[in-house]
Structures are given as C-alpha cells and as structure tokens.
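Chemist: no sequence for this one, just the structure:
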C-alpha cells in the first residue's frame, strides 16, 4: 500500500492566484490519488477566468512516492523568512518589463524566487549588476505573470537597464532594501546642454511620487522642450517640440537612495 501525504503547504505562484476555501477544495479534487513533491507545480484551468498556478512549499512527511488522499490537509502557506534556508539564490536573468510597467519604478520576479531572495510583493529592493556592485538602484518588487513562472527572470524596464548598463539576457542581482529615507529635496537637470525644459517641478513630482531615486540616476520624461542654438548660431530660431527628455538626478537630500513623496521639493536646473 502506498503511503499518503499528511499535509501540503502551497504558495500561490502569481499575484492573482485565488486562495479561497473553494480553491482549496478544487485543488484537493485535482490532486487526489496523485504523487506530489516539492518540485510539483499545480495548474488549475478555468474557462471563464485566468488559470490558477500554485507551487508546493512543503509536504509532510517529506518523502518521495507519497500520494494525496482524502485525509491529506492542504493549506496555503504564509511567507516566513525565518523558515527559509539561507542558500545562494538562483541567478536571475534580465527581461523586458511588461509595457504597462515602463517608467513605474517596479521590477518583477516569480514568488518562489522572491522567497530565495527574502523579499515579498511590494518590498523595496536594491538592483545591481555583477560588474558594478557599488552602483545600486532602488525599485519596488512585484510578481510576474503566470507565463513567466519557472524562467528565472527579473523583468526590468529600459531605464533601469540603461542605468545599470546591462542588456536583456544578462544576469542581475537584487537584495532587500529595508529602509529608505523620504526625499526632502531633489535637483534634476537635462543630460544634454542647450535644452530648456517646459516641464515644471510639480509635474515632475507627480511623475516621480513613490519612485526610489539616487544621485546620478538617469530618468526619461516625456514633455515639451526648447532646443537652444549654440552661441555662434544665434541667428537660428530655437526649436520647440514634444520629446522624450533625458534627465539626471544631480543631487538628493538626504544622500543615498530616497523615496519621492508629495512633500519633496524638486529643483530643475537648466544647461543653457
């Protein structure tokens, strides 16, 4: 007679995976009589709503060749970092951000990898490239969508990749960022000379609220600019156009990675 599993602890693999009592009953019905290990990934297919994805965090007893029975208790696990072994996390590989995440200051990875890196949904994290460990950026962590599960991806946008000097497919590292001071003041300027920016401090603040920024970080802002001719071409008429403007954080108060809020004073410097 095959031994049965006493208890299974599951982790929802995506942010929209249901964790209701009804979903537990559906999971048990699907798993009844089947072998389950900590490497099992469970998919519940639905016709009228998104499929549900779960990963097995723990089974009791932890042995191979065990099956799910009517007596098996199935529960959803809460994240407790004290219970997680301190092992070297799996490497993460850079992928494009989802289009809706561009410019939001967020990165995404699957929940099982968050556990390895000891972070949760909504946590602040440090990003850095292996070849530049001293140059670190701040971001908010979110989970990936179901089609990215198992790919060891960290989805980050064009701005983060440019600042870190990394490309899609290269490795990137993260670690928790437990404390971030609120930004009292930011000084921002265009990265190019002879550019007059028609985006005021308040509009910039609205664009950057809840973002984590640091001195030297380059941002892309869409707005109206005026291109000022060189001094030896003063007869040329300045051009005004809408464009993606490259701006750099010239200074922050306090220093380091800070979080922009409604009380942050933003100063825009010109390079005419």
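Modeler: Looks like it came in fine. In this text, all values refer to a predicted model and were calculated from it rather than measured experimentally.
Chemist: Domains of the chain: list them as residue ranges, please.
Modeler: 7-78, 92-176, 181-268 (automatic domain parsing).
Chemist: Check those for me and report the most buried one.
Modeler: Mean neighbour count (mean count of other CB atoms under 10 Å) peaks for domain 92-176 among these, with a mean of 18. (C-beta placed from N, C-alpha, C; glycine too.)
Chemist: low pLDDT regions in the stretch 101-250 of the chain?
Modeler: Per-residue confidence for the stretch 101-250 of the chain (pLDDT under 70) gives these ranges: 194-196, 223-243.
Chemist: so what's the residue nearest to the spatial centre of the chain bridging to?
Modeler: Centroid-nearest residue in the chain: residue 107, 1.8 Å away (criterion: CA atoms, centre = their mean). Residue 107 has these beta-bridge partners by DSSP bridges: residue 141.
Chemist: just residue 266 next, same as before
Modeler: residue 186.
Chemist: Against residue 255, how distant is it?
Modeler: From residue 266 across to residue 255, the span is 16 Å (CB to CB, to the nearest Å).
Chemist: in this protein, which spans are helices?
Modeler: Along the chain, counting by DSSP state H, helices occupy 21-31, 111-116, 158-164, 201-208.
Chemist: of all those helices, which lies closest to residue 42?
Modeler: Across the helices of the chain, residue 42 has its closest neighbour in helix 21-31 (6.6 Å, CB to CB).
Chemist: what's the closest one packed up against?
Modeler: strand 41-44, strand 73-76 (3 or more CB pairs under 8 Å, 6 or more residues apart in numbering; DSSP states H and E).
Chemist: Comparing these, which yields the minimum mean pLDDT?
Modeler: Ranked by mean pLDDT, those bottom out at strand 41-44, which scores a mean of 75.
Chemist: Which residue ranges of the stretch 151-272 of the chain form strands?
Modeler: With strands called from DSSP state E, counting those that start in this stretch, the stretch 151-272 of the chain shows them at 153-156, 171-176, 181-182, 185-190, 195-197, 212-213, 218-227, 239-253, 258-259, 265-268.
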